[in-house]
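A.B. asks: model the following, please.
(2 chains)
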Amino acid sequence: MQQETTQRKLTWTAVNTLVLIYAFVPVVWIISLSLKDSASLNDGNFLPVSPSWASYQQIFDNPDFTRALINSIGICLIATFVAIIFGTMAAYAIARLDFPGKRTIVALSLLIAMFPQIALVTPLFKIETALGLFDTWLGLIIPYITFALPLAIYTLSAFFREIPWELEKAAKMDGATPYQAFRQVITPLAMPGVFTTAILVFISCWNDFLFAISLTSTSASRTVPAAMAYFTGATTFEKPTGPIAAAAVIITIPIVIFVLLFQRRIVAGLTSGAVKG
Amino acid sequence: MSSSTNAAEAAGARVIEGGLDGSNTGGDDGTEIAKKRFSEGKRAERNLGIKLVAPAVIIMLAVTAYPIFYALWLSLNRADLRTPDANEFIGLENYVTVLSSSIWWQAFGITMFITVVSAFLELIFGMLLAIVMHRTIVGRGLVRTSALVPYAIVTVVAAFSWRFAWTQDLGWLAGSNAPLTGKWSSIAIIILAEVWKTVPFMALLLMAGLALVPEDLHKAAAMDGGSAWQRFWAITVPLIKPSILVALLFRTLDAFRIFDNIFVLTGGANETASVSMVGYNNLIRGLNLGIGSTMAVLIFLSIAIIAFIFIKVFGAAAPGSDDGGRR
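C.D. replies: Below is the predicted model:
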């Protein structure tokens, strides 16, 4: 019996190792590429022989990259913030209130979640050029909010459904209006869910590439994924492999941190948010 | 804290709430005043509901509905930014141009191929990963956290990682070959990049389904001598079929929109462009809004047809189709 469990543990450890290799090999490779110096860049080794920070120095000396990093952070934070506020309001209404047209709204947000973004690029390009929004922060923030809203509404309404009804009834008994019940009783309890949703929304904005290269033309609003595609080497003949790898690592770090946070929050959200009430 | 316990708890809570709800209305029904107060409450609730959803709905409609009609209009016009004086209404001429162009059908074929093959591979590997995350007896937290890594990585970053790995001399996988210069080897790498990135998403959706399969059924079947393979097909698959269909629907629609990976890996060279890639080239590189919009409309129609087939023919439940209300 004891031997059997040891055997099973060993088998599972082997399987888990496969999963870890699957998940991390491309990540380790891009990190190792970013640490190779220009002499050993083309050696084809998986790990760097003589690690150096040269590529990182190069991208942080490049104003196009630092500007793109600021754009990415600013645009994604603003879009996430707005999407979460409007998404929380809509999700609460969908999960908890009775009003006409609810099903239509759920269907609409589903439709938008599946919408081919490329179909919007042409008209948005034309509209934004006419309105002077092309190549501005706002020009990217608006489509990001739109595609973040369905995600926010779905995730948040699931969280709202987990909160016990009695709380709203008690609030109403005490003379609170439905809005007060939403604002002062339910929203604070939904905070773990709101935070988790904010991370998911931020990841989806951070990940965008199509809008970022179509609706921008200069470093004024180009985000990092788009800027990476336009990197040039230190000289015309040098390929920008090292800087691209370094930039890739830099924009991966915040997401990895978020994933660690996200795991914790999911557990916290499921255990305390729903049960403690 | 498995998610199954939580789902069960939530379901239990809902039943209890339902009971309380019923007795409440029953008790209040007696007096006129209470009725009046009830309907006032109803109206307040309705007004609040509409006010709360309004901003989200207005933004979603403004950014999608108006542009899609605008795209429809542009697709019926000659609208080339390089020759703005020649712009005029030309009816369906753009559609004739696109639908009789080999570039469009080439891209359409490639997109369909990538969509079908990657959705199939994702389903297999996603199921394996879901089972590992669900069943493993050691390091469950570690496995679940690290499986999220490919999902969280920016697509462009992952695409660059694969591109460099398969670049001649530079990459650890390429050696002295240059697979990104051939058509089918490029497509294989595009599919690899796509599958690597999206298997975790598939696995998470499937794992949610696995959590709902009662353990007792498996135990009973094992008692009757069913092998793990037989139990998987006879018990697990039928029970999680709804999860499988929803996951496949999402992934198929997503794969059909493939753009980032191809842009970074091949730039559409060697006949590897997807429909999104061709649409982008016509718009941003070619500045031909008429043709670009025509392609946009055609892509939109393709997506709608795929979704329709999944929901009507395979009976995939449209997510959120339960009204989610309380009664």
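
A.B. asks: switch to C-alpha atoms for all contacts and neighbour counts from now on
C.D. replies: Will do.

A.B. asks: outside of the helix or strand harbouring A:Ala212, which residues touch it?
C.D. replies: Using DSSP states H and E, A:Ala212 sits within helix A:210-214. Taking Cα atoms under 8 Å, 6 or more residues apart in numbering or on different chains as the criterion, the residues outside helix A:210-214 that touch it are A:117-118, A:121, A:125, A:140, A:143, A:222-223, A:225-226, B:259-260, B:280, B:284.

A.B. asks: one more time with 6 Å, if that's ok
C.D. replies: Helix A:210-214 is contacted by residues A:Ala226 when judged by Cα atoms under 6 Å, 6 or more residues apart in numbering or on different chains.

A.B. asks: swap in stretch B:87-106?
C.D. replies: Residues contacting stretch B:87-106 (Cα under 6 Å, 6+ apart): B:76-79, B:291.

A.B. asks: next SSE downstream of the helix or strand B:Leu74 falls within?
C.D. replies: In this structure, B:Leu74 sits in helix B:66-75 according to DSSP H and E. Where DSSP H and E defines the elements, the next helix or strand beyond helix B:66-75 is strand B:77-78.

A.B. asks: what's the neighbour count on A:Arg183?
C.D. replies: Neighbourhood size, A:Arg183 [other Cα atoms under 10 Å in any protein chain shown]: 12.

A.B. asks: next one: the one 10 residues further on
C.D. replies: The local packing of A:Gly193 (other Cα under 10 Å) involves 25 other residues.

A.B. asks: cool, and B:Ile303?
C.D. replies: B:Ile303: 20 surrounding residues under other Cα under 10 Å.

A.B. asks: what sits closest to it if chain neighbours are left out?
C.D. replies: B:Leu253 (6.3 Å; Cα to Cα, 6 or more residues apart in numbering or on different chains).

A.B. asks: show me what the helix or strand hosting the one you found is packed up against.
C.D. replies: Following DSSP H and E, one finds B:Leu253 within helix B:241-256. If you count contacts as 3 or more Cα pairs under 6 Å, 6 or more residues apart in numbering or on different chains; DSSP states H and E, helix B:241-256 packs onto helix B:183-210.

A.B. asks: quickly check: the helix it packs on near chain A or not.
C.D. replies: No. Helix B:183-210 stays clear of chain A (Cα under 6 Å from any Cα of the partner chain), getting no nearer than 8.0 Å.

A.B. asks: moving C-terminal from that helix, which element do we reach first?
C.D. replies: helix B:215-223.

A.B. asks: and the very next helix or strand once past that following helix, how far out from the chain middle?
C.D. replies: Scanning forward in sequence from helix B:215-223 by DSSP H and E, the next helix or strand is helix B:228-231. Distance of helix B:228-231 from the chain centroid (Cα atoms, centre = their mean, to the nearest Å) equals 29 Å.

A.B. asks: ok, now which ones touch the residue positioned nearest the centre of chain A?
C.D. replies: Nearest residue to the geometric centre of chain A (Cα atoms, centre = their mean): A:Ile203, 0.6 Å. Applying Cα under 6 Å, 6+ apart to A:Ile203 gives no contacts.

A.B. asks: neighbours of B:Leu72, how many?
C.D. replies: The tally of other residues near B:Leu72 (other Cα under 10 Å) stands at 19.

A.B. asks: low-confidence ranges in the chain?
C.D. replies: No chain specified, so I'll use chain A. A:1-2, A:233-238, A:261-277 (pLDDT under 70).

A.B. asks: hmm, I had chain B in mind actually
C.D. replies: Residues of chain B that meet the criterion pLDDT under 70 lie in B:1-38, B:316-327.

A.B. asks: could you rerun that using 50?
C.D. replies: Where chain B drops to pLDDT under 50, the residues are B:1-29, B:319-327.

A.B. asks: please parse it into its domains.
C.D. replies: Following the assignment in automatic domain parsing, chain B carries domains at B:15-75, B:94-313.

A.B. asks: what does chain B have sitting close to chain A?
C.D. replies: Residues of chain B lying near chain A (Cα under 6 Å from any Cα): B:46, B:49, B:52-53, B:56, B:60, B:67, B:71, B:147, B:154, B:157, B:161, B:169-172, B:276, B:293, B:296.
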